[in-house]
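1. Structure of the sequence below:
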Amino acid sequence: MNRVYYAGSWRDVTKLEDYKKLVRETHNPKINAISRLAYKWAGGFKAYKKLPKEQRLKLREEAKSVVAATTPSTSAPARSKFTHPELDRIRKERKENYREADAKEARARDGFVYVIWHPDWDQVCKIGKSRDPDQRLRDANTWCPYNKFEMHCAIYSDDAVELESLVHQALKVRDREETGEWFVINRWHAENLIWKVKRDDQGNDSGPRSGRVPPCRNYDLAAIADGDL
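-> The predicted structure follows:
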């Protein structure tokens, strides 16, 4: 047995585990509160130690009940878990439906090529594709604290994937400054370009094309800007 001086008094410990237990109990706020209350009722620590063991245990039990009644519980409230034989089946079906809808949306090629612009950046536009332009505009305005992005136009195509790609190529071959789907171009010029690409390369919107996207023509952006379609 070893004697260690801890927390103001000498303690007897037989092994390391006893010492660790001693440390845990000494630093336990709940146990400390019980002890303080028992000492107070006994008239102090020294008076408490002079009491018979049975009386000390009785004081601690009474103090323990008071601390338990006044200490708020830190455990999370129990959650009621709803169960039903059909619940797992419904959840599985919903999960499969979401997965199928996402896959169908990814395969779809029809939609709109849109032009989104901001009043403070009149010469910069976002040219992209979406099957729901209104939703895309709402998404864009989540980036702007003042909701100032506006939809200039949304042009439908049976193959919006190809139309968007051709428009982007037409802008990039002219070495326009671009970042992703953002281009330095007036919104009216961007709309004229989309209509011209749609007419010349998609032939009156005849439908989706098969195979690779054809090489884009070097469109005369100056003529497009003047409305020469």
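2. CA atoms for contacts and neighbours, from now on please.
-> Will do.
3. what does the top strand by length along the chain contact?
-> If you go by DSSP state E, the chain has its longest strand at strand 121-130. Strand 121-130 is contacted by residues 111-118, 136, 160-161, 164, 168, 181-187, 190 when judged by Cα atoms under 8 Å, 6 or more residues apart in numbering.
4. what do you get if the cut-off is 7 Å, keeping everything else the same?
-> 111-117, 136, 160-161, 164, 181-187 (Cα atoms under 7 Å, 6 or more residues apart in numbering).
5. cool, stretch 142-156 as well?
-> Contacts for stretch 142-156 (Cα under 7 Å, 6+ apart): 111-118, 133, 137, 140-141, 187.
6. Let's see that with 6 Å instead.
-> Contacts of stretch 142-156 from elsewhere in the structure, counted by Cα atoms under 6 Å, 6 or more residues apart in numbering, are 111-118, 141.
7. Which residues in that stretch does the neighbour count mark as buried?
-> 149-151, 153-156 (16 or more other Cα atoms under 10 Å).
8. Now, those residues that are in strands?
-> 150-151, 153-156.
9. Same list (these) but as TSV, adding pLDDT and distance to Leu87.
-> Shown next, in TSV, are these (pLDDT from 0 to 100; distance: Cα to Cα, whole Å):
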residue	pLDDT	distance to Leu87
Glu150	93	43
Met151	93	42
Cys153	93	45
Ala154	92	42
Ile155	92	43
Tyr156	91	41
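10. Now the two most distant members of these.
-> Across these, the longest distance by Cα to Cα is 17.8 Å; it joins Glu150 and Tyr156.
11. quick one: the strands in this structure?
-> Counting by DSSP E, the strands of the chain are 2-6, 9-13, 111-118, 121-130, 150-157, 178-179, 182-184.
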